[in-house]
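Novice: sequence unknown, structure follows:
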């Protein structure tokens, strides 16, 4: 019998095409939600990535890496549709666009999830561009709504991208924030999601009144915020190779710690989040650390 899947992550898996200095392109598997799922599994939490990928070479690479990360393969769907691609023309400053008309991610079918999956789940995670892409976005909001009604904890990482500059997304975002128990935002997310707002953090807290908020600031560390309570955690110092996936690592590390050690104090969960992010920064690509690696850094 498979282990009960406690952490179910919904959203996009994609392939990043990154333009190199010489003009050639490098293809890397990724996607914010898929990264969060990999982090959860690598940290020893029974995790399912609930998304749909193509059946071609790009989707097959994602399938293989999903399995290698230790994710429950019953949750992954493969369909005979084109892959979702992110074309990154520049990393400094970031400049990108997405290619994915009628692509595989949009064909995710909740009816094909394992029987009784929601009975097992404890935390359902949502985020990033999957919530801008219909009909997928509406399906995911419906799952989050049902999950919240059934007492499941909802985790949300907006993970701002240019696609979110549309009224429809902001309506959905507000609905999801109202359901959320755990919300992660970066300083950049707040600036972009609430442009012109002099107090974006206060606005976020009002929209997500029941949520614990993980506020990340890169090298300046992160903070846990709940009501008027704030607990700060410095960033762990490492030699930074790149920051791809660091935010996803902090989100996955935070939730994994909560699920693995529910009675631990908040600071321990923050240490896990910060260590997972630092270990990702110390490797090329969206590296997902193990629990032992995280604990070694925390105790260093």
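Specialist: Structure received. Computed from a predicted model, the values in this text were never measured in an experiment.

Novice: all strands for this structure, in order.
Specialist: 7-10, 14-19, 25-30, 47-54, 76-79, 85-91, 94-99, 123-127, 153-157, 182-186, 212-216, 222-226, 229-233 (DSSP state E).

Novice: From the contact counts, what lies against the fourth one?
Specialist: Judged by 3 or more C-beta pairs under 8 Å, 6 or more residues apart in numbering; DSSP states H and E, strand 47-54 is in contact with strand 7-10, helix 32-42, helix 57-68, strand 76-79. C-beta: built from backbone N, CA, C; applies to glycine.

Novice: ditto for the second one
Specialist: Helices and strands in packing contact with strand 14-19 are listed as strand 25-30, helix 57-68, strand 85-91; criterion 3+ C-beta pairs under 8 Å, 6+ apart.

Novice: please redo it, this time with the cut-off set to 6 Å
Specialist: For strand 14-19, the packing partners by 3 or more C-beta pairs under 6 Å, 6 or more residues apart in numbering; DSSP states H and E come out as strand 25-30, strand 85-91.

Novice: Lowest mean pLDDT across the ones you listed, which one is that?
Specialist: Here the lowest mean pLDDT among the helices and strands packed on strand 14-19 goes to strand 85-91, at a mean of 88.

Novice: just checking, what packs against it?
Specialist: With contacts defined as 3+ C-beta pairs under 6 Å, 6+ apart, strand 85-91 has these neighbours: strand 14-19, strand 94-99.

Novice: Looks like residue 14 contacts residue 31 (just checking).
Specialist: Yes - using C-beta atoms under 6 Å, residue 14 is in contact with residue 31, at 4.4 Å.

Novice: More neighbours: these two, which one.
Specialist: residue 14 (32 against 28; other C-beta atoms under 10 Å).

Novice: Residue 228 versus that one, what's the distance?
Specialist: For residue 14, the distance to residue 228 equals 39 Å [C-beta to C-beta, to the nearest Å].

Novice: Then residue 82?
Specialist: Look at residue 82 and residue 228: by C-beta to C-beta, they are 48 Å apart.

Novice: before we move on, back to that, which one of the strands of the chain has the most crowded surroundings?
Specialist: Most buried of those, by mean neighbour count (mean count of other C-beta atoms under 10 Å): strand 7-10, with a mean of 29.

Novice: Show residues contacting stretch 143-161.
Specialist: 32, 110, 121, 123-129, 176, 179-184, 189, 192-193, 251, 255 (C-beta atoms under 6 Å, 6 or more residues apart in numbering).

Novice: ditto for stretch 268-288
Specialist: Among residues not part of stretch 268-288, those counted as contacts by C-beta under 6 Å, 6+ apart are 30, 35, 38-39, 42, 222, 224, 233, 235-236, 238, 240-246, 249-250, 253-254, 257-258, 289, 293-294, 297-298.

Novice: what's the model's confidence in it, averaged?
Specialist: 92.

Novice: Then stretch 194-214?
Specialist: The pLDDT scores in stretch 194-214 average 96.

Novice: Name the residues that touch it?
Specialist: So stretch 194-214 is in contact with 174, 177, 180-184, 190, 225-226, 254, going by C-beta under 6 Å, 6+ apart.
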